[in-house]
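[1] Task: produce atomic coordinates for the following.
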Amino acid sequence: MFQNILRSIDILTIILSVTAIYSMVFMETDLINSLLIILSPLLLLIAKYKGSRTLLFLAYLCTTIFFTSIIYNALSTGSTDYFHSGASSFFIALIAITVSLSAAIIGFGTNTLTILWISLHILVLRQTLILYSASAFFEHFWSEKALDTVIRHDYPFILMIIWLGLFLDKYQRELSREYISR
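    Next comes the predicted model:
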């Protein structure tokens with residue numbers, strides 16, 4: 001039952017990612033972030049079904065780089081975005097690769113990413129509806145202003161979601177161990 005709920009959440013995440021891509025194309029935003037928004041959940045879903053550590057590494061890598069990008073852009077005082085910031089983005093990308101490789105080797109599950117992505121989509125959806133009228137939803141869903149507001153105001157919630165996802169991964173592993181030991 002727990003797996004069925006998570007698979008439904010994955011499908012919802014993919015749907016929200018496609019909606020985000022549609023809105024971002026409508027707004028003519030950064031192509032790299034647009035690709036990462038759809039690529040990360042797709043890699044996550046495929047990694048769940050295939051059980052490949054390589055796919056898990058790529059899912060963590062795309063997600064880590066995307067989150068680094070949105071946090072950098074939200075907290076940066078300059079007008080240069082993350083992907084055009086030069087050496088600092090390269091250094092941060094190396095850290096993202098190290099974190100992703102560690103997650104794949106240690107065997108972090110996919111629940112953390114599932115919960116993180118659906119939560120981020122819900123937070124951005126909520127913030128878009130607060131900032132803009134419902135008739136302008138597609139023009140502003142995943143807009144820079146909505147995303148910056150989410151990062152600046154809801155970061156404690158995002159951190160809590162990461163910890164919750166880690167707990168769910170541990171809980172699922174223990175349920176599997178208990179089932180196997182019977």
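[2] Flag the shaky bits of this structure, pLDDT-wise.
    Where the chain drops to pLDDT under 70, the residues are 1-2, 80, 83-84, 107.
[3] And the residue nearest the centre of it?
    Closest to where the C-alpha atoms of the chain average out (CA atoms, centre = their mean) is W117, at 4.0 Å.
[4] can I assume it is in contact with S40?
    Yes. Contact criterion CB atoms under 8 Å: W117 and S40 qualify, at 6.9 Å. Every C-beta, even on glycine, is put in place using the N, C-alpha and C of the backbone.
[5] Could you name every residue contacting both of these two?
    Counting by CB atoms under 8 Å, 6 or more residues apart in numbering, the contacts common to W117 and S40 are 17, 63.
[6] rewinding a little: does the residue nearest to the centre of the chain sit in a helix or strand, and which one?
    Element membership of W117, judged by DSSP states H and E, is helix 111-131.
[7] Just the buried residues of the biggest helix by length in the chain, please?
    In the chain, taking DSSP state H as the definition, the longest helix is helix 144-181. For helix 144-181, burial by neighbour count (16 or more other CB atoms under 10 Å) applies to 144, 146-151, 154, 158, 161, 165, 168-169, 172.
[8] can you check stretch 11-29 too?
    12-14, 16-17, 19-21, 23-24, 27, 29.
[9] Could I get those in JSON lines, plus columns for secondary structure and distance to T64?
    Formatted as JSON lines, the buried residues of stretch 11-29 follow (DSSP: H, G, I helix; E, B strand; the rest coil; distance: CB to CB, whole Å):
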{"residue": "L12", "secondary structure": "helix", "distance to T64": "22"}
{"residue": "T13", "secondary structure": "helix", "distance to T64": "17"}
{"residue": "I14", "secondary structure": "helix", "distance to T64": "19"}
{"residue": "L16", "secondary structure": "helix", "distance to T64": "19"}
{"residue": "S17", "secondary structure": "helix", "distance to T64": "17"}
{"residue": "T19", "secondary structure": "helix", "distance to T64": "23"}
{"residue": "A20", "secondary structure": "helix", "distance to T64": "18"}
{"residue": "I21", "secondary structure": "helix", "distance to T64": "20"}
{"residue": "S23", "secondary structure": "helix", "distance to T64": "23"}
{"residue": "M24", "secondary structure": "helix", "distance to T64": "20"}
{"residue": "M27", "secondary structure": "helix", "distance to T64": "24"}
{"residue": "T29", "secondary structure": "coil", "distance to T64": "20"}
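[10] I am finished for the moment; much appreciated.
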